[in-house]
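*Asks:* Predicted model follows, preceded by the sequence.
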Number of protein chains: 2
Amino acid sequence: MAILLTDVQTSIQQTRQQHATELEAIACYRRAANYLAAAQIYLKDNVLLREPLKPEHIKDRLLGHWGTCPGINLVYAHANSLIRRHDVNMFLVTGPGHGAPANLANLYLEGTLHEFYPEMTLDGAGIYQFIKSFSWPGGFPSHLYPGTPGTIHEGGELGYALATAFGAVMDNPDLIVTCIVGDGEAETGPTATAWHSYKYIDPAESGAVIPILHANGYKISSVTIYGAMSDEELSHLFTGYGYQVRIVQDADLDADMYDALEWAYQQIIYIQQAARAGKRIAQPRFPMLILRSLKGWTGIKEINGKPIEGSFRSHQVPTKEAKTHPDLLKLLEEWLRSYRLEELFDVQGCPIPAVLEQCPQGHRRMGCNRHAFGGKVRKDLDLPDIFKFAVPVERSSKSDENQRGKEIVSNVGELGQYMRAVVENNAKTFRIFSPDELESNLLTDVFQVTHRNFQWPTQPHDTYMGIEGGRVLEILSEHTCQGWLQGYLLTGRHGLFPSYEAFLGIVTTMMDQYAKFIQFSKEYAWRLPVASLNYLETSTLWRQEHNGFSHQNPGFINSVLDQQAMSARVYLPPDANCLISTIDHCLQSKGYINLVIANKNPLPQWLSMPEAIAHCRAGASVWRWASTDDGVNPDVVLVGIGDVPTVEVLAAAHTLQAEMPELRVRVVNVTDLLILEEKTTHPHGLDADMFEALFTVDRPVIVNFHGYPSVPKQLLFGRPQSRRFLINGYREEGTTTTPFDMLVRNKTSRFHLIMQAIRLAARVNPQVAAHANEKVSHYEYVLAQHREFIREKGTDPAEITDWHWS
Amino acid sequence: MAILLTDVQTSIQQTRQQHATELEAIACYRRAANYLAAAQIYLKDNVLLREPLKPEHIKDRLLGHWGTCPGINLVYAHANSLIRRHDVNMFLVTGPGHGAPANLANLYLEGTLHEFYPEMTLDGAGIYQFIKSFSWPGGFPSHLYPGTPGTIHEGGELGYALATAFGAVMDNPDLIVTCIVGDGEAETGPTATAWHSYKYIDPAESGAVIPILHANGYKISSVTIYGAMSDEELSHLFTGYGYQVRIVQDADLDADMYDALEWAYQQIIYIQQAARAGKRIAQPRFPMLILRSLKGWTGIKEINGKPIEGSFRSHQVPTKEAKTHPDLLKLLEEWLRSYRLEELFDVQGCPIPAVLEQCPQGHRRMGCNRHAFGGKVRKDLDLPDIFKFAVPVERSSKSDENQRGKEIVSNVGELGQYMRAVVENNAKTFRIFSPDELESNLLTDVFQVTHRNFQWPTQPHDTYMGIEGGRVLEILSEHTCQGWLQGYLLTGRHGLFPSYEAFLGIVTTMMDQYAKFIQFSKEYAWRLPVASLNYLETSTLWRQEHNGFSHQNPGFINSVLDQQAMSARVYLPPDANCLISTIDHCLQSKGYINLVIANKNPLPQWLSMPEAIAHCRAGASVWRWASTDDGVNPDVVLVGIGDVPTVEVLAAAHTLQAEMPELRVRVVNVTDLLILEEKTTHPHGLDADMFEALFTVDRPVIVNFHGYPSVPKQLLFGRPQSRRFLINGYREEGTTTTPFDMLVRNKTSRFHLIMQAIRLAARVNPQVAAHANEKVSHYEYVLAQHREFIREKGTDPAEITDWHWS
């Protein structure tokens, strides 16, 4: 059957016409979104401009960021179009979160806001509620936040959008996350390295990110690096990162963005289908877009001869003085009316069907994508029985107590066996994100059942690497690890972040921001809690004697403590069984930041698994077996917090009982740091009775703490008679030296504890006082001898794990 | 005159021959350096292998990193050659600082070590001292540190070498810094964005960096991203960053590196000469090198069939068990002897002249470059008279005290005028490094006398931009700002780092590492102190009501406090005169981390300049004029720490005196936070008498603190009766709201202070007790009314700067 030429021409013409109509409809939708974005920033009344704009319609405080909004609206509108065309499972991560008015405008139009905020109906009454609510006390804040449905990233502190987006698509093979990266944000280090993320995405197993670098040229008051770079430079750069690059900057941005997103989508499908059909493309080059649009596009062109659109002056609120300056009010009104809202909203104030039809339906709306509600998607992990991994601490009778501390193993190494089972049991919902430390941190056992995922070429002799699957992601960027994990958790999965203790502080403010997100999430019933963010700090300072001063930094504890009490948890398990029990607890918990601190080097084991579970549940206990007369009526209380400091406490107590039996010592171990806090301040805080049961009412207490002394100090502040607590900890004294010398330099060694105990006990016990000076002198001499030995031989007189040595 | 063809041929041949001899000499030098690097890691005796290697010659603890050393030695050797050829003013910044054995080997050979460590002579005795000292308690630690001459960067925490190198060359037109960036370090965000640094280097005014990406392919236990990238990808990436890229990977690395460094040098000279001759090359493309060499190159090839050279197994210490395993000992000996050291050292153990001749002389030695000894180069700033910038706080008589607080100005805005003069007076030794915040932070006055330097194209309507000069560098990367500033300070200059308070925490661990460097530097008399690192935290949380929760984070204070007391300083000046006086002090100081916290919004002014100077010198004072009866015999002490919290204290005291004159209140302001610390712990700490003079012996004290309550708590811990201190501060309660609502949410508002004061005073003053409940109820009602107003109107009932409002 012959096809007539005229038919083909007609068909082409029809397609063209159809496409033109489609683009027109998208542009119409964008006008509505742009209007709503601008109106939110300025208006508290007359929100549809049904009467001339007057000062009393303007909000008293104009807070918001206009400049980035039109670009977000362009992306949102075309993402909607793509979703509708291909039924795409997609949501948006917005780096420039201060463009919230844009996101909110789209969420309003697609009806998402109405579902979560019933008063925000799609009519005149709802639109008034919606527009007034922005930047209003109790309403929507000026940037994205957990109260914005469909949001897993605030974008307040810049730099983390891209890594978060990649975390979200891992193990979600059908999900595509469109991620807008502002050209301000692109200047940050965390973003600059997150571009490598595709090197860790198995296209068979995971979904894809469409990164859109939004180069509108300006930050708050200055040009951006990426805005100033030429097309050629940008193409080179992102080609180098491994992308296929497409620049969207046509005179007709709608037409160009339409084609670009369609192209990106097809490229992704092509790569994914190949991988899923077992015909992997080596080092697949995923698509990314660079959008060049004017900052504050469609806004006021200029004021007093100074450009506004296309300049940094669009960044926040142009015409900030509109309420008091009639000329500016007029400019504002002209601008707002330029969107021809009378064509966009009917007499009831309802958006017209042509606008609403641009939005996807139900869970295809980006604000309603199920993955963005991680708490609802989340399923409990299938955790192994911890008793299978128990380190035996044998005791058949009371007299057998001496067996405690005989077994010497790596706490983290033992944990590795448990983690192996966790990985094995949870094939698609658990990942380990680590800055190249898994082997170094002795969690190597995990590699019995999985490997590192890495998509770029490796050598045959490289170990534990693979392009298919792999539960372990290692990149020497704590920022990227944290961002990936955040995205993974907030989409309902689980993870662990092991890191060198000294370098976890690199993500201090990322953790702060995430804690704020988690905290604020609790105010929204529809945000069910996601799995806790679990940090395992290892390669801890007391055994960084080889790496030196730069590797000795326990400051992350302080940072976690400053988070809201409802979120922050800090654990310092003293041995392997306590560590396994603690991690097991953390992996079951929801909505917390759990910081677990454990040294990787071999250490003595103290508690059997049942004892460990009880100890961890209590958070702290008197270790009667290490105390004089079960710790009754002590002259002094020795408290270990942290694994290595606890060894010194046990060593000191052992020596004191052998050498000065008249000095009555009680040994306490604290594994849950927050029990020190007052009960009114933290849910784990001990009440006065429990506190006294551990630390007595008035006896001197020597605390040997793992980190900075400032930590116990701030926690114990406010406890009665807090001056009886003597706090030892890391005093920023370190270098490359021996393990024991690290303790000596910071005055946390067994000899320091012994001397402190004698001095303090002498105040309350005359028998001790009788020869206190003599004894202290003796231990000062012993200590000096040991130091001399270290200087001469370059090594310790004995292993610090030997707690019987003095 | 005709030139005979044979003459030309002879000449070419001679040149070739000369070049070959030169390369041979360099290779010979490298052998010596490689031997010394390896020997340091393993040997404590028989350091020149004059007898067969035995277990007792091996150190008891083998600590060190071999893998990166051969690459560093290659660079060092060829940098030496370049320096000698062209008399180049150059030093080295080594990103992989754990390659210290390599740096030390070169420093030994060039005689630098002998100058600073006299026992390390260039003979058998000296070489023994030198080799044994590495990774030995009291000796050289395993990575670079302040005790390494010529070092301005440790490289312990990875990511900051590149930015530091760029900071060093700023305003040092003749200096070239060669900077080795490891391929592990290259994965970090801070490095990934620091590659843009050349966009901020004016080639007429500043020197140049030769970045060398050392892609040896491996981190601790895994491959690196940059090692896995193809030559094409790497070329694209760095071309995109704006570089001319040259990959050094020839079979003959010496020949290739020789040519590459020569090329890089010539490119730099070409760009610089053009700029200095007034014929600038637009967007000049500076050179960078990518060195592909085997990890652990020249080391042991394999053990038990597993490759060592060219694999991650070279990272630290191959043959770690050499002391106890004869087979490994043999392998080690073979490896060490493979450098043919009998050809390199004479019978006295002196390196042969051919080796020593490869080193530059005097200050051209990279370990002796004058710029790397910043404390010696440093000159005091020419600071303006602060009285010229005094904000008038008029008082002609006692009755005039009411005039205090009437003047309302931006503290930071006033400081801007002073900073303008600082910039003007110190044209080449002072810079401001800022993450795009200078205008936003109201330091705009500085732009009256300078501009932002930016080398890439800008628009005519952009403000305060220029490619020539410019004392302000703005990049939206706190990491890069910090790195640049560190490099600038450590080479003897001065700077200021203004930042949004919430985001300064991004550089928490960079600051930690820098503080460690500064601290350790104090142990070396030849390291004279450099200018202090001055942070100005502004856009503080109490007035981030518009930007919301993510912009409210005072945690950097806690981080600074954990540094050693000798280095850490935190100031919270209450008004403009105090701020100017504080910054003036900080700019004169040396060797500190100064954190100054000041809000940028207009605030009441309290003290005249002479009063401000006295107040800042004391660190804290009783503000008699705001207290009942000059603050004598108070019922309660109200303490303001921070500018906004102090306004609330003054407002509360004002109201109490008006409404409850029987309640005797004392107002104290603390501007130097560390006065709270005990004198034995911090040099600024007050002794008991001074402390009691401010805070009484036993009266209740209400502290209204700017940041987290954990800060005063840890500082006041240990003071007698610390429980009488009630600590208000930021409780992580925030969002986009009004300024007053921020105070209300965190219970730091005037009304909270009033109610707290009444309740506490009632315990000690029966007159107050008589109607305390009634008064508290009244203020609870007033507070509720205010909250209602805020919810309804979206604005505060009055400006919080109005301290007479209640």
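*Replies:* That came through fine. Numbers count the residues shown, from 1 in each chain, chains lettered A, B, ... in the order given.
*Asks:* Would you agree A:Asp231 is in contact with A:Ile247?
*Replies:* Yes. With contact defined as C-beta atoms under 8 Å, A:Asp231 counts as touching A:Ile247 (5.6 Å). C-beta coordinates here come from the backbone N, C-alpha and C atoms, glycine included.
*Asks:* May I have the predicted confidence score for A:Gln544?
*Replies:* Looking at A:Gln544, its pLDDT stands at 89.
*Asks:* Make sure it is actually in contact with A:Ala502.
*Replies:* Yes. Counting by C-beta under 8 Å, A:Gln544 does reach A:Ala502; the two are 6.8 Å apart.
*Asks:* so A:Gly433 sits in a strand?
*Replies:* Wrong residue type there; residue A:433 is Phe, not Gly. Yes. Assignment of A:Phe433 by DSSP: H, G, I helix; E, B strand; the rest coil places it within a strand.
*Asks:* tell me the strands in the stretch 651-800 of chain A, going along the chain?
*Replies:* Along the stretch 651-800 of chain A, the segments classed as strands by DSSP state E, counting those that start in this stretch run A:665-670, A:701-705, A:725-728.
*Asks:* quick revisit: find residues that contact each of A:Gln544 and A:Ala502.
*Replies:* Residues touching both A:Gln544 and A:Ala502 (C-beta atoms under 8 Å, 6 or more residues apart in numbering or on different chains): A:551-552.
*Asks:* So between these two, which is more surrounded?
*Replies:* Comparing A:Gln544 with A:Ala502 by neighbour count (other C-beta atoms under 10 Å in any protein chain shown), the higher total belongs to A:Ala502, at 26 against 23.
*Asks:* is chain B contacted by whatever helix or strand that one lives in?
*Replies:* Element membership for A:Ala502, per DSSP states H and E: helix A:501-504. Yes. For helix A:501-504 and chain B, the contact criterion (C-beta under 8 Å from any C-beta of the partner chain) is met by A:502-503.
*Asks:* A:Asp231 and A:Ile247: which is more packed in?
*Replies:* Taking other C-beta under 10 Å, A:Asp231 and A:Ile247 do not tie; A:Ile247 has more neighbours (17 against 13).
*Asks:* Residue of the stretch 601-750 of chain A closest to chain B, please.
*Replies:* Residue nearest to chain B within the stretch 601-750 of chain A (C-beta to the nearest C-beta): A:Thr736, separated by 3.3 Å.
*Asks:* surely that residue meets A:Gly548?
*Replies:* Yes. Using C-beta under 8 Å, A:Thr736 is in contact with A:Gly548, at 4.2 Å.
*Asks:* what do those two both touch?
*Replies:* Shared contacts of A:Thr736 and A:Gly548, counting by C-beta under 8 Å, 6+ apart, come down to B:141-143.
*Asks:* Please list which of those residues also come close to chain A.
*Replies:* Applying C-beta under 8 Å from any C-beta to the shared contacts of A:Thr736 and A:Gly548, those adjacent to chain A are B:141-143.
*Asks:* who in the stretch 401-550 of chain A is up against chain B?
*Replies:* Within the stretch 401-550 of chain A, the positions adjacent to chain B are A:436-440, A:452, A:454, A:456-459, A:461-463, A:465, A:474-477, A:479-480, A:502-503, A:505-506, A:508-509, A:512-513, A:516, A:519-520, A:546-550 by C-beta under 8 Å from any C-beta.
*Asks:* Tell me the buried residues within the residues you listed.
*Replies:* A:436-440, A:452, A:454, A:456, A:458, A:462-463, A:465, A:474-477, A:479-480, A:502-503, A:505-506, A:508-509, A:512-513, A:516, A:519-520, A:546-550 (16 or more other C-beta atoms under 10 Å in any protein chain shown).
*Asks:* still on that earlier bit, tell me the mean pLDDT over the helix holding A:Ala502?
*Replies:* If you average the pLDDT values across helix A:501-504, you get 96.
*Asks:* which bits of the stretch 201-350 of chain A sit near chain B?
*Replies:* Applying C-beta under 8 Å from any C-beta, we find that the stretch 201-350 of chain A lies next to chain B at A:217, A:219-225, A:228-229, A:233-242, A:306-307, A:311-312.
*Asks:* which of those are buried?
*Replies:* Among these, those scoring as buried are A:217, A:219-225, A:228-229, A:233-242, A:307, A:311-312 (criterion: 16+ other C-beta under 10 Å).
*Asks:* Now go through those residues and say which are in helices.
*Replies:* Of these, the ones assigned to helices by DSSP state H are A:225, A:228, A:233-241.
*Asks:* Could you dump the residues you listed into TSV with pLDDT added?
*Replies:* Formatted as TSV, these follow (pLDDT from 0 to 100):
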residue	pLDDT
A:Ile225	97
A:Ala228	97
A:Glu233	98
A:Leu234	98
A:Ser235	98
A:His236	98
A:Leu237	98
A:Phe238	98
A:Thr239	98
A:Gly240	98
A:Tyr241	98
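*Asks:* A:Met511: what's it in contact with?
*Replies:* Counting by C-beta under 8 Å, 6+ apart, A:Met511 touches A:482, A:533, A:556, A:559-560, A:563, A:593.
*Asks:* Among the ones next to chain A among the shared contacts of A:Thr736 and A:Gly548, which lie within helices?
*Replies:* Using DSSP H, none of those sit in helices.
*Asks:* which helix is the longest one in chain A?
*Replies:* Longest helix in chain A, counting by DSSP H: helix A:5-42.
*Asks:* which of the residues in the helix or strand just after that one are buried?
*Replies:* Heading C-terminal from helix A:5-42, the first helix or strand you meet, by DSSP H and E, is helix A:69-86. In terms of neighbour count (16+ other C-beta under 10 Å), helix A:69-86 has its buried residues at A:69-83.
*Asks:* swap in stretch A:424-442?
*Replies:* Of all the residues in stretch A:424-442, those buried under the rule 16+ other C-beta under 10 Å are A:424, A:426, A:429-442.
*Asks:* start to end distance for that stretch?
*Replies:* Stretch A:424-442 has its terminal residues 18 Å apart, counting by C-alpha to C-alpha, to the nearest Å.
*Asks:* How many residues are close by the closest residue in space to A:Cys578 that isn't next to it in sequence?
*Replies:* Counting by C-beta to C-beta, 6 or more residues apart in numbering or on different chains, A:Cys578 lies nearest to A:Ala612, which is 4.5 Å off, once chain neighbours are set aside. Residues contacting A:Ala612 under the criterion other C-beta under 10 Å number 27.
*Asks:* so how far is A:Trp606 from A:Ala612?
*Replies:* Distance, A:Ala612 to A:Trp606, by C-beta to C-beta, to the nearest Å: 8 Å.
*Asks:* Likewise for A:Asp171?
*Replies:* 38 Å.
*Asks:* who's more crowded, these two?
*Replies:* Shown here are A:Asp171 and A:Trp606; by other C-beta under 10 Å, A:Trp606 has more neighbours (28 against 21).
*Asks:* Is the more buried one in contact with A:Leu579, as I believe?
*Replies:* No. Using C-beta under 8 Å, A:Trp606 is not in contact with A:Leu579, being 11.6 Å away.
*Asks:* Dump stretch A:330-348 to PDB, restricted to CA.
*Replies:* This file holds the C-alpha atoms of stretch A:330-348, laid out as PDB (Å, rounded to 0.1, in the frame of the first residue of the first chain):
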ATOM      1  CA  LYS A 330       4.000  49.900  40.600                       C
ATOM      2  CA  LEU A 331       7.000  48.000  39.200                       C
ATOM      3  CA  LEU A 332       6.100  45.000  41.300                       C
ATOM      4  CA  GLU A 333       2.500  45.100  40.100                       C
ATOM      5  CA  GLU A 334       3.500  45.300  36.500                       C
ATOM      6  CA  TRP A 335       5.800  42.400  36.900                       C
ATOM      7  CA  LEU A 336       3.200  40.200  38.700                       C
ATOM      8  CA  ARG A 337       0.600  41.100  36.100                       C
ATOM      9  CA  SER A 338       3.000  40.300  33.300                       C
ATOM     10  CA  TYR A 339       2.200  36.600  33.900                       C
ATOM     11  CA  ARG A 340      -1.400  37.400  32.700                       C
ATOM     12  CA  LEU A 341      -2.900  35.500  35.600                       C
ATOM     13  CA  GLU A 342      -6.400  36.300  34.400                       C
ATOM     14  CA  GLU A 343      -5.800  33.700  31.800                       C
ATOM     15  CA  LEU A 344      -4.500  31.200  34.300                       C
ATOM     16  CA  PHE A 345      -7.100  31.300  37.100                       C
ATOM     17  CA  ASP A 346     -10.800  31.300  36.700                       C
ATOM     18  CA  VAL A 347     -13.200  33.600  38.600                       C
ATOM     19  CA  GLN A 348     -13.200  31.300  41.700                       C
END
